[in-house]
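In: fold the following for me, if possible:
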Amino acid sequence: MSITPLGSGQEVGRSCHLLEFRGMTILLDCGIHPGYDGLNGLPFFDNVEPENVDVLLITHFHLDHAASLPYFTERTGFRGRIFMTHPTKAVIRLLLVDYVRLMSIKKGGTPGGDSADSSDVLYTEAELQACVDKVELIDYHQTVSVGRGLKFHALNAGHVLGAAMFLLEIGGRTLLYTGDYSMEDDRHLMAAEVPSVKPDVLMVESTYGVQVHASRAEREARFTSTIERVVTRGGRCLIPVFALGRAQELLLILDEYWQANPHLQNIPIWYASKLASRALRVYQTYANMMNARIRAQMDLGNPFAFKFIRNLKSIDVNSFDDRGPAVVFASPGMLQSGVSRQLFDRWATDPKNGVLIAGYAVENTLAKEIMNQPKEVVTLEGRRQPLNALVDYVSFSAHVDFMQNRNFIGRVDPKHIILVHGQKDEMGRLKSALMLQYRQLPENKRPTITMPPNLQEVKLKFTRRRSAKVMGSLADREVDPAEGEDVGGILVTQNFSSKIVSPEDLSTYTQLRVGSVSSKLHVPFSGKVDTMRLFLNEMFSGVTETMEEGVGVDGAAVTTFGLHEGQVTVAAGKTRGVATVSWDASPAGDILADAVVALLMHAQSSAASIRLTSQPCGHRRRPGLEDGDASPASKKRREGSVSGTEERLRLIYVTLKEQFESVEATYEGEKGSFEIKTDTGLESGSLGDDGFLTCTVNVEFEGSDGNEAKVIVECTDGKLASNIQDCIRNIAIAAAPVKS
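Out: Residues are numbered from 1 along each chain as shown. Below you'll find the model as predicted:
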């Protein structure tokens, strides 16, 4: 198994991992790095052949896991299948349309994505729509089989609405890819699930390394008190968030806090996002995938119909009335562009104002930079200005901390652990802590732990599991089979999984059916039944014989010989000059049938066959040719004549007569003509309308000694004509006088 990070290897951002095993190529996530612009933010797609990727799985809708998907599907040779959950597909188009718009504006183009520098535009809205149309949906716990030994199902990851872990099974081996996951119940989402199977490989996030989150109550108290401190002194509090995800959780917290504190209710809370209303509709649609608290509230009303939070579908920062205290949620969460960056540039110099970072901040972004409390910052226009506003960080990022991650890994108990999605230092500390924990185990039971950087291939070797499940009636036994006891059945292997079933259960547990192939072969045989009987009994033991009177050709009897308990039968008499060999295809039956065919062919040319079929000569001597009446000269002349051309022509006639029922001969000096009539041909369609085949044979002996035979055969059956011609030539050569 080969695993190569194309992104998020010793970094956070552009999650994308290449998995290759047993002829399958899978891509896990397809994100973008929020700290880089344009093509620089893409995963390292140069190291993958897109046309070879069979399946692409997206865990959730965040940009660092899904934003490069349209680029990969529409601007490369990718022709595989894409899977994600229902909420992920519903949200991803909203987010990516907004992302395309922001990137285009940042490049100085139009909101439709037509930038002046189109070479750096990753994709257009039309390409985004074409990509979304190709997406296939998967539900939690639904198993999808793709073929060639790959099947997978999704588990709830708890990170955001619709976030999924993927448990893949390839060639008998399992891999769990967590993506981003959370083991903590919050106001609207359930904690991640723990799979019931122990995977061979675990690819797990390491975002927070060995950091431990404060309790949820403590974080909420710090979050609300910081906001209250800023607004009560007359300041504006900016909370950069992504339009969907943690924003909904923070809105629930703050709306509940405002409701509990009437003295704050005259201070407005704005949710500045073009996606606000559409995003909340998606959340309402998929409320059944949230926790019990939200589902119970849905029975009474809409929990996302906030009482003290107002939506700003559009905001002009320059004309926005911000003279009084206010709380503004604005995207994007990393402050790299958009409304959140414009408001930050406007408010950063006033010490009454505050910026509250409530999620994970990626390296090389302004959000990460201001967490270090610099004295100056650079605005979006490139001006340097002092940073006097309060900057605070309260983590509501839905990522596991060290304790949660360690406990999850321990419960999953994998054989191999691959750390992804984390900065190098944090990832290294997590690896050291895990290795210290596993040091107490025997060395052969410790999992391997790797933290590959981008483009470093991790190779894991697995031996093939040679095992099979016994199913059906074979397994339905009162007493378990003893060790070493043979179990007989049909072994069926599909997608690297094997099972043993009885032939009767084959259709129940597989898509196969039991069938048989009956074979029949017509073998030319001109000998007698006695010859066949002799040879079969000499070769095989236990030969049975049956005879049916009056069912053969011209009312003759049909004799059938059975071999090996009737597995192979040989019938003679059904068709003149033909023996029929019949058997059911099987290893033993095929071998026996081959032996019988070879035996029949040999029987026709052996000495025993000649003896069995020979008859006394029935030719009458011509009158007046007694030896006493002839002079020595005339006697010698007659002997030469009888043993010469006429004798050879008569020998040809006798041979043809033995092979064919109807043969008529005409002799003229050194020439002979033979007309053969038969109801058996060697080529299909050679018989005439009357069911017979007629062949004409002309033989003429030439040369000074009359020993050279010229043979011409006219017949519509080419194979039969060739055989007759070869036979007559051989007879003529064999019957020629020996030269002195």
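In: when you work out contacts or count neighbours from here on, use the C-alpha atoms and nothing else.
Out: Fine.
In: how about the helices in the stretch 601-740 of the chain?
Out: For the stretch 601-740 of the chain, the helices defined by DSSP state H, counting those that start in this stretch occupy 607-613, 632-642, 645-659, 718-735.
In: could you do the stretch 101-250 of the chain as well?
Out: In the stretch 101-250 of the chain, the segments counted as helices under DSSP H, counting those that start in this stretch are 125-133, 216-232, 246-260.
In: and the following helix or strand past the last one, what does it pack against?
Out: Which is helix 246-260. Per DSSP states H and E, helix 246-260 leads on to strand 269-272 as the next helix or strand towards the C-terminus. On a contact count with 3 or more C-alpha pairs under 8 Å, 6 or more residues apart in numbering; DSSP states H and E, strand 269-272 meets strand 309-312, strand 326-330.
In: and those strands as TSV, adding mean neighbour count, distance to G552 and mean pLDDT?
Out: Converted to TSV, the helices and strands packed on strand 269-272 look like this (neighbours: other C-alpha atoms under 10 Å; distance: least, C-alpha to C-alpha, whole Å; pLDDT from 0 to 100):
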stretch	mean neighbour count	distance to G552	mean pLDDT
strand 309-312	17	98	84
strand 326-330	24	98	92
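In: format those as JSON lines; extra columns: distance to I32.
Out: Shown next, in JSON lines, are the helices and strands packed on strand 269-272 (distance: least, C-alpha to C-alpha, whole Å):
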{"stretch": "strand 309-312", "distance to I32": "27"}
{"stretch": "strand 326-330", "distance to I32": "20"}
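In: which one of the helices of the stretch 101-250 of the chain lies nearest to A709?
Out: Among these, the nearest to A709 by C-alpha to C-alpha is helix 125-133 (81.7 Å).
In: who wins for proximity to V581 among the helices of the stretch 101-250 of the chain?
Out: Between those, helix 125-133 lies closest to V581; by C-alpha to C-alpha that is 60.8 Å.
In: parallel or antiparallel, which strands does the strand ranked longest in the chain pair with?
Out: Criterion DSSP state E: the longest strand present in the chain is strand 693-702. If you go by DSSP bridges, strand 693-702 pairs up with strand 671-678 (antiparallel), strand 708-714 (antiparallel).
In: quick revisit: now the weakest link among the helices of the stretch 601-740 of the chain, please, by mean pLDDT.
Out: Least confident of the helices of the stretch 601-740 of the chain, judged by mean pLDDT, is helix 632-642 with a mean of 44.
In: for M451, give me its contacts.
Out: If you count contacts by C-alpha atoms under 8 Å, 6 or more residues apart in numbering, M451 has them with 9-10, 418-420, 427-428, 431.
In: farthest pair within these?
Out: Using C-alpha to C-alpha, the pair of the contacts of M451 lying farthest apart is G9 and K431, separated by 13.8 Å.
In: returning to what we had before: just put the helices of the stretch 101-250 of the chain in TSV and tack on distance to F462 and mean pLDDT.
Out: Formatted as TSV, the helices of the stretch 101-250 of the chain follow (distance: least, C-alpha to C-alpha, whole Å; pLDDT from 0 to 100):
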stretch	distance to F462	mean pLDDT
helix 125-133	36	95
helix 216-232	42	93
helix 246-260	40	89
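In: those helices: which one's closest to L512?
Out: helix 125-133 (35.8 Å).
In: can you list contacts of that closest one?
Out: Against helix 125-133 from outside (C-alpha under 8 Å, 6+ apart): 69-71, 73-74, 89, 93, 96-97, 100, 112-113.
In: out of these, which are buried?
Out: 69-71, 73-74, 89, 93, 96-97, 100, 113 (16 or more other C-alpha atoms under 10 Å).
In: pick the one among those closest to M403.
Out: Checking the buried ones among the contacts of helix 125-133 against M403 with C-alpha to C-alpha, the nearest one is K89 at 31.6 Å.
In: shouldn't that closest one be within a helix?
Out: Yes. Applying DSSP: H, G, I helix; E, B strand; the rest coil, one finds K89 inside a helix.
In: and V282, what pLDDT?
Out: Looking at V282, its pLDDT reads 85.
In: ok, now which ones touch it?
Out: Residues near V282 by C-alpha under 8 Å, 6+ apart: 87, 90-91.
In: kindly recompute the last result at 10 Å.
Out: 87-88, 90-91, 161, 244 (C-alpha atoms under 10 Å, 6 or more residues apart in numbering).
In: any idea of the pLDDT on Q211?
Out: 93.
In: ok, it - contacts?
Out: Residues in contact with Q211 (C-alpha under 10 Å, 6+ apart) are 400-403, 426, 429-430.
In: for it, grab phi and psi.
Out: The phi/psi pair for Q211 (degrees, to the nearest 10) reads phi -70, psi 150.
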